[in-house]
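Engineer: Output the structure for:
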Amino acid sequence: MKDDVYLAVIDAGTIGERTVIFDTKGTVVAEKYLEHPSYYPKVAWVEQDATDWWNCACKTAKAALKAADEKGITNDKIVGVSVTSQRETIVPADADAAPLRRAIVWQDRRAVPQCDWIDKNIGRKVVYETTGLTIDPYFSAPKIRWIKEKEPDIYRKAHQFLLVHDYLIAKLTGAFVTSRDNASRTMLFDIKKLEWSDPLMSRLEIEREKMPEAHAAGEQVGKVNAKAADETGFAEGTPVFCGGGDQQCSAVGAGVIAQGRVVVTTGTGTFVLAHSDAPVFDPKRRILCSCHAVPGKWVIEASVFSTGSVYRWFRDQFGSLEKSAADKAGIDPYEILNSEAAASIVGSNGLLFLPHFAGAGAPYWNPHARGVIFGLTLGHTRNDVIRSIFEGVSFEIRKNIEVMEELGVSLKNVHVSGGMTRSQLFNQIQADIYGVPVLREARESTALGCALLEGVGAGVFKNVEAAVSATSKPAEEYRPVKNNQKKYERLLEYQKRIYEILNKSNIYEAFSNQTS
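Structural biologist: Numbers count the residues shown, from 1 in each chain. Reported below is the predicted structural model:
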């Protein structure tokens, strides 16, 4: 392992972006974070401006590099740059990587009609057995079909359809590339052959040449060009390595690189990933299989679309008092909200929360589902509502863990990471609801995982296993409380029944059609 060298990562999430500089022990030596906006042109539509991603990358990179330089770490000591990012979000770009319209974000639900067309003309079985994915507006292919149908001029002009990772790599190097794990989230990639599926793309009428070349994570794909060097502060000629999707990179950072290991990452949404040495398919197609960021490996994955975003929604819509108090105290508003949630009791005094604010992901895959707060009375307080968000999110995760166990995943503990895990209460609720110890990673695992893959490609580490071993640190442990666990088991059954009753009676779809 090389010493006195550093690894830089651009971590482009859904809400914001950071540039992080790591040493070879996995310690952050400098970082900077900025939020970027989302746009909501219509109900259930979510867009972002790709130029905001690049502007954030430039600003955070310059700030992080300045902080590193003040510690004596000059930019020539950085042996590589890589990118990890939100997945499925797609933007059409011209030959100079200039966006032709706003990006359609993974949360966007506009492509339901396109999904219906794919289901009718291709079928869920074919899609699942090729890509490991179900048919859902969440993924990139229906979004591309929507652009082709609704904005044919933009589709025709598009040189490439780029994911966030791909766009930032193109801006850094001029190369149009993607990572295999990101490609496996488009609904266009054959996860067994590890290549774009020509049969699927032909039936979807999406030209192969409009998709970037897929590489293994950690593979060098170019160098920082002169223009990018000027705008970011990275040294011209610094090697740029293929990164990966945020969730697969998070799994690497959490050490989920062997059979039986599971990570739950809760940021804007929640993603449950279990490592697999081979593709695993669920006969009921409730959970998905994608390429791992570790070359030649796969992940069994469940996606819960709106979790941290629901907590943020509550903060922004109902937390003005907490935001004002936090501003005066110089603390994060979430600290106050967390303490208010702790004032409630197990079961939130009889409230049940279904966090389907952007439709339901795994295990339901229902784009028409909506959020529900059940059991409200005049005696309930905001403390109960806040705690019910924590519990409702954890119930959704538990349902997917149950499916993974059904498919043979052995669960001794669960690694957790992401913004919401800063709350000790949330972590304890997770342990009580999952019924196994929860290990909270001491660091942000997404950027770290990307740095480790980059480090392997740069020759800093011999392989991924050595990289994880060299940077591992103890995690906080939360053990389930038996009495809480029993109560949550009963509440989980009620929460499941609420969804099933609404779904079977067709209320979700009828109401969604009425309000769309």
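Engineer: How is Gln514 assigned, secondary-structure-wise?
Structural biologist: Using DSSP: H, G, I helix; E, B strand; the rest coil, the secondary structure recorded for Gln514 is helix.
Engineer: Check what pLDDT it gets.
Structural biologist: Gln514 is assigned a predicted lDDT (pLDDT) of 74.
Engineer: Tell me how this protein divides into domains.
Structural biologist: Using automatic domain parsing, the domain parsing of the chain gives 6-254+442-471, 308-440+481-515.
Engineer: Out of those domains, which gets nearest to Lys297?
Structural biologist: Closest to Lys297 of the domains of the chain, according to Cβ to Cβ: domain 6-254+442-471, at 8.9 Å. The way it works is simple: take the backbone N, C-alpha and C, and place the C-beta from them, glycine included.
Engineer: Need the per-residue pLDDT for Lys2.
Structural biologist: On pLDDT, Lys2 comes in at 60.
Engineer: Renumber starting at 642 from here on
Structural biologist: Yes, from this point I'll number from 642; that puts the last item at Lys643.
Engineer: the strands in the stretch 792-941 of the chain, which residues?
Structural biologist: Secondary structure of the stretch 792-941 of the chain (DSSP state E, counting those that start in this stretch): strands at 801-803, 818-820, 830-831, 836-837, 854-856, 861-864, 880-886, 903-907, 911-917, 929-932, 939-945.
Engineer: Among those, which comes closest to Val1079?
Structural biologist: Of the strands of the stretch 792-941 of the chain, nearest to Val1079 by Cβ to Cβ is strand 903-907, at 8.2 Å.
Engineer: That closest one vs strand 939-945, what angle?
Structural biologist: Strand 903-907 runs at 30 degrees relative to strand 939-945, counting by axes from the mean of the first three to the mean of the last three Cα atoms, to 10 degrees.
Engineer: Kindly reformat the strands of the stretch 792-941 of the chain as TSV containing mean pLDDT, distance to Gly773 and mean neighbour count.
Structural biologist: TSV is the format used below for those (pLDDT from 0 to 100; distance: least, Cβ to Cβ, whole Å; neighbours: other Cβ atoms under 10 Å):
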stretch	mean pLDDT	distance to Gly773	mean neighbour count
strand 801-803	97	20	25
strand 818-820	96	16	30
strand 830-831	96	9	24
strand 836-837	96	14	16
strand 854-856	96	15	19
strand 861-864	96	24	20
strand 880-886	95	13	29
strand 903-907	88	17	27
strand 911-917	90	11	26
strand 929-932	94	4	27
strand 939-945	91	8	25
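Engineer: possible to save these as TSV with distance to Pro783?
Structural biologist: Shown next, in TSV, are those (distance: least, Cβ to Cβ, whole Å):
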stretch	distance to Pro783
strand 801-803	12
strand 818-820	18
strand 830-831	14
strand 836-837	16
strand 854-856	20
strand 861-864	27
strand 880-886	18
strand 903-907	24
strand 911-917	20
strand 929-932	15
strand 939-945	15
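Engineer: Quick one: end-to-end distance for stretch 981-988.
Structural biologist: In stretch 981-988, first residue to last residue: 15 Å (Cα to Cα, to the nearest Å).
Engineer: in that stretch, what counts as buried?
Structural biologist: Buried residues in stretch 981-988, counted by 16 or more other Cβ atoms under 10 Å: Glu981, Ala982, Ala983, Ser985, Val987, Gly988.
Engineer: Closest to Val746 out of those residues?
Structural biologist: Val746 lies nearest to Ala982 out of the buried residues of stretch 981-988, by Cβ to Cβ, at 27.8 Å.
Engineer: Which helix or strand lies directly C-terminal to whichever strand or helix holds that closest one?
Structural biologist: Ala982 is located in helix 974-983, with elements delineated by DSSP states H and E. Next helix or strand after helix 974-983 toward the C-terminus (DSSP H and E): strand 993-995.
Engineer: packing partners for that following strand?
Structural biologist: strand 1013-1015, helix 1023-1047, helix 1123-1145 (3 or more Cβ pairs under 8 Å, 6 or more residues apart in numbering; DSSP states H and E).
Engineer: Who are the packing partners of the last one?
Structural biologist: Same thing as helix 1123-1145. Helix 1123-1145 packs on strand 993-995, strand 1013-1015, helix 1023-1047, helix 1065-1075, going by 3+ Cβ pairs under 8 Å, 6+ apart.
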